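**Q** Okay, sequence plus prediction incoming.
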Amino acid sequence: MTAPAPTAASTSLSRSGFNRLWSAAIASNLADGVGRTAVPLIATTLTRDPALIAGISAVAFLPWLFFGIPSGILLDRVDRRIAMAVANCLRFAVAALLAALIATGSLTIWWLYACVMLFGMGETVFDNATTTVVPSLVGRDRLESANGRMQSAEIVVQDFIATPIAGFLFAAAIALPVWLTGSGFLVSALLALAIPAAAAHGAVRAGDPRPGHEALSGARGEADARGTTFGSVVAFLVHHRFLRDMILMTSLTASALAFAQGSVVLLLLQTFRVPAAAIGLATAAIGVGALVGALLASRLVYRFGRGPVMFTAILISGAGMCGVGVSDNVFLALCCYALGALGIGVWNVPWGALRQAIVPEHMLGRAIGIVRTIGWGLTPVATVLGGFVARIDLRLPFVIGGGVVVVLALTAVRLLLSASRAAPPANLQ
């Protein structure tokens, strides 16, 4: 079903509103990118145990397991702009605490774990909010393009700006990237407040099922302020066969990728002898693949359809990870990593658009929270297991994790190809 053509006024508001959301996301992505590069480097000053280093990535995913659903419920009840601002103000406070611990020499690996956990709690609110706000600011016919633009900005800012800066700042003084992280969160919080009021709450779109209709009927539980129960959101996801199977498939894929990448910092430092100051440059090289994937995704989907593109993307991501594990040369390993990142970059755009197109907007916050909680629920366990396997050989998790992704793609080929029928993309040109 094609969405009705927007009026000139609504188009202008949508473009202006999306640009404001995009600006807030860029500032937050800068903070995230600096922090995600700096924190593992800081951890290497406290321990060289691959399992404890991998634990940093595991702890980063734990908030999605425990707070992904509550944050989704919150975002369907409150002003999403305020939620974004408060979340990033709290993350600024955590960055200030971490900087103080470093300055006083009080930082331990366990304090670092706690700070990462708190950063992640704010991330569940901010990232869920950006996903749920997009459909309020653009039409269904622009979801692929909007998600591609968001994904491209995230990659450029995190991989090409934030991570190289973080590496150089870390080499100069450990606390410097932490302060930059906090500043980015604070700026993002202020920018979030400038997003138009149209994005404050999810609206019921024309054609969306109402409470008590079809899959939503019969769900039990206390109705929220918008008239939809949490149980009915769960029922919608359970009864939608395609979404249910895709959630299972993506959760296993995410776990396999996390298993592979948990000790990547040690792989670069110890196996490939990359200097600490150049870690950001190495990850930026990997980001080239992710950026190309995000930029091409919407055009690939328009030309070939979501199904074939998603199948090819996930297959390539697994093959790239395997390539990292069998490479002896750092240049070849980074090229393989970039290939895997390209597949992930392509995948994220149509998968995000599918969820936004299929799930009714007034329940999108809770649905995204559920999807991410299930999808990333096994990730902390997989990351820690990958860390223990890395004690044998730092390359081994990439071979195993990448191999599992390839097998999953081949096993789920019919499911992935059916994505084109689940919600055919509109004209993306």
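**A** Yes, it's here. Numbers count the residues shown, from 1 in each chain.
**Q** Let me know the distance separating residue 138 from residue 357.
**A** 11 Å (C-beta to C-beta, to the nearest Å). Glycine gets a C-beta too; all of them are placed from N, C-alpha and C.
**Q** Please say which of these two ends up with more neighbours.
**A** In this view residue 138 and residue 357 are compared by other C-beta atoms under 10 Å, and residue 138 has more residues nearby, 23 against 20.
**Q** Kindly list the main-chain dihedrals of that one?
**A** phi -130, psi 160 (degrees, to the nearest 10).
**Q** ok, and the closest non-adjacent residue to it?
**A** residue 146 (4.6 Å; C-beta to C-beta, 6 or more residues apart in numbering).
**Q** Now for that neighbour, how many residues are close by?
**A** Count around residue 146 with other C-beta under 10 Å applied: 23.
**Q** Now for it: which residues touch it?
**A** 18, 134, 137-138 (C-beta atoms under 8 Å, 6 or more residues apart in numbering).
**Q** quick one: which of those residues is nearest residue 49?
**A** Of all the contacts of residue 146, residue 49 sits closest to residue 134, with 40.1 Å by C-beta to C-beta.
**Q** Count the residues that sit near that closest one.
**A** 25.
**Q** backbone phi and psi for the nearest residue to residue 31 once chain neighbours are set aside, please?
**A** Using C-beta to C-beta, 6+ apart and skipping residues adjacent in sequence, the residue nearest residue 31 is residue 184, 2.9 Å away. Main-chain torsions, residue 184, degrees, to the nearest 10: phi -60, psi -40.
**Q** same check, this time on the one 10 residues further on
**A** Note on residue 194: backbone dihedrals following degrees, to the nearest 10 are phi -90, psi -10.
**Q** What residues does the residue nearest to it when sequence neighbours are not counted make contact with?
**A** Once flanking residues are discounted, residue 194 sits nearest to residue 20: 5.1 Å by C-beta to C-beta, 6+ apart. Residues counted as contacts of residue 20 (C-beta under 8 Å, 6+ apart) are 191, 194-196.
**Q** again, but for residue 422
**A** With C-beta under 8 Å, 6+ apart, residue 422 has these contacts: 242-243, 306, 354, 358.
**Q** out of those residues, which are buried?
**A** Buried members of those, scored by 16 or more other C-beta atoms under 10 Å, are 243, 306, 354, 358.
**Q** what's the closest non-adjacent residue to the first one?
**A** So that's residue 243. Residue nearest to residue 243 in three dimensions, not counting chain neighbours: residue 237, with 5.6 Å by C-beta to C-beta, 6+ apart.
**Q** other SSEs contacting the one helix or strand the one you found maps to?
**A** Assessed by DSSP states H and E, residue 237 sits inside helix 230-239. Here helix 230-239 touches helix 241-261, helix 364-377, going by 3 or more C-beta pairs under 8 Å, 6 or more residues apart in numbering; DSSP states H and E.
**Q** in the last one, what's buried?
**A** The neighbour-count criterion (16+ other C-beta under 10 Å) identifies 364-377 as the buried residues of helix 364-377.
**Q** Contacts for the helix or strand just after that helix, please.
**A** With elements assigned by DSSP H and E, the helix or strand that comes after helix 364-377 is helix 379-390. Residues from elsewhere that reach helix 379-390, judged by C-beta under 8 Å, 6+ apart: 50-55, 57-59, 61-62, 64-65, 254-256, 258-263, 266-267, 396-397, 400-401.
**Q** same thing but at 6 Å, please
**A** 50-51, 54, 57-58, 61-62, 254-255, 258-259, 262-263, 396-397 (C-beta atoms under 6 Å, 6 or more residues apart in numbering).
**Q** ok, so of those residues, who is nearest residue 128?
**A** Once C-beta to C-beta is applied, the member of the contacts of helix 379-390 that ends up nearest residue 128 is residue 61, at 14.3 Å.
**Q** I'd say that closest one and residue 376 touch.
**A** Yes. The pair residue 61 and residue 376 passes the contact test of C-beta atoms under 6 Å, sitting 5.2 Å apart.
**Q** any idea how far the helix ranked longest in the chain is from the chain center?
**A** Counting by DSSP state H, the longest helix found in the chain is helix 8-44. On the basis of C-alpha atoms, centre = their mean, to the nearest Å, helix 8-44 sits 12 Å off its chain's mean C-alpha point.
**Q** and it, what's its mean pLDDT?
**A** Mean per-residue pLDDT for helix 8-44: 78.
**Q** buried sites along that helix?
**A** 14, 17-18, 20-44.
**Q** about what we covered before: tell me the least confident of the contacts of residue 146?
**A** Comparing these by pLDDT, residue 138 comes last, at 78.
**Q** Quick check: it vs residue 21, distance?
**A** Residue 138 is 10 Å from residue 21, by C-beta to C-beta.
**Q** List the contacts of stretch 152-159.
**A** 26, 29-30, 33, 284, 287, 290-291, 294-295.
**Q** Adding distance to residue 175, write these out as TSV.
**A** Below are the contacts of stretch 152-159 laid out as TSV (distance: C-beta to C-beta, whole Å):
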residue	distance to residue 175
26	24
29	21
30	17
33	17
284	22
287	25
290	29
291	29
294	32
295	35
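**Q** farthest pair in these?
**A** 30 and 295 (19.3 Å).
**Q** Distance from the chain centre to stretch 389-399, please.
**A** 24 Å.
**Q** For it, the averaged confidence score.
**A** Rounded mean pLDDT across stretch 389-399 is 92.
**Q** May I have it exported as PDB, CA atoms only?
**A** Extracted in PDB, the C-alpha atoms of stretch 389-399 (Å, rounded to 0.1, in the frame of the first residue of the first chain):
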ATOM      1  CA  VAL A 389      38.000 -18.700  23.200                       C
ATOM      2  CA  ALA A 390      40.300 -15.800  22.400                       C
ATOM      3  CA  ARG A 391      42.600 -17.000  25.200                       C
ATOM      4  CA  ILE A 392      43.400 -19.900  22.900                       C
ATOM      5  CA  ASP A 393      44.000 -17.700  19.800                       C
ATOM      6  CA  LEU A 394      42.800 -14.200  19.200                       C
ATOM      7  CA  ARG A 395      41.800 -15.000  15.600                       C
ATOM      8  CA  LEU A 396      39.700 -18.100  16.500                       C
ATOM      9  CA  PRO A 397      36.500 -16.200  17.600                       C
ATOM     10  CA  PHE A 398      36.300 -14.600  14.100                       C
ATOM     11  CA  VAL A 399      36.500 -18.000  12.400                       C
END
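**Q** and that stretch, which residues are buried?
**A** 389-390, 394-399.
**Q** Could I get the phi/psi values of residue 193?
**A** phi -70, psi -20.
**Q** what's the closest non-adjacent residue to it?
**A** residue 85 (5.3 Å).
**Q** next helix or strand past the host helix or strand of that neighbour?
**A** With secondary structure defined by DSSP H and E, residue 85 is part of helix 80-103. Under the assignment DSSP H and E, the closest C-terminal helix or strand after helix 80-103 is helix 109-137.
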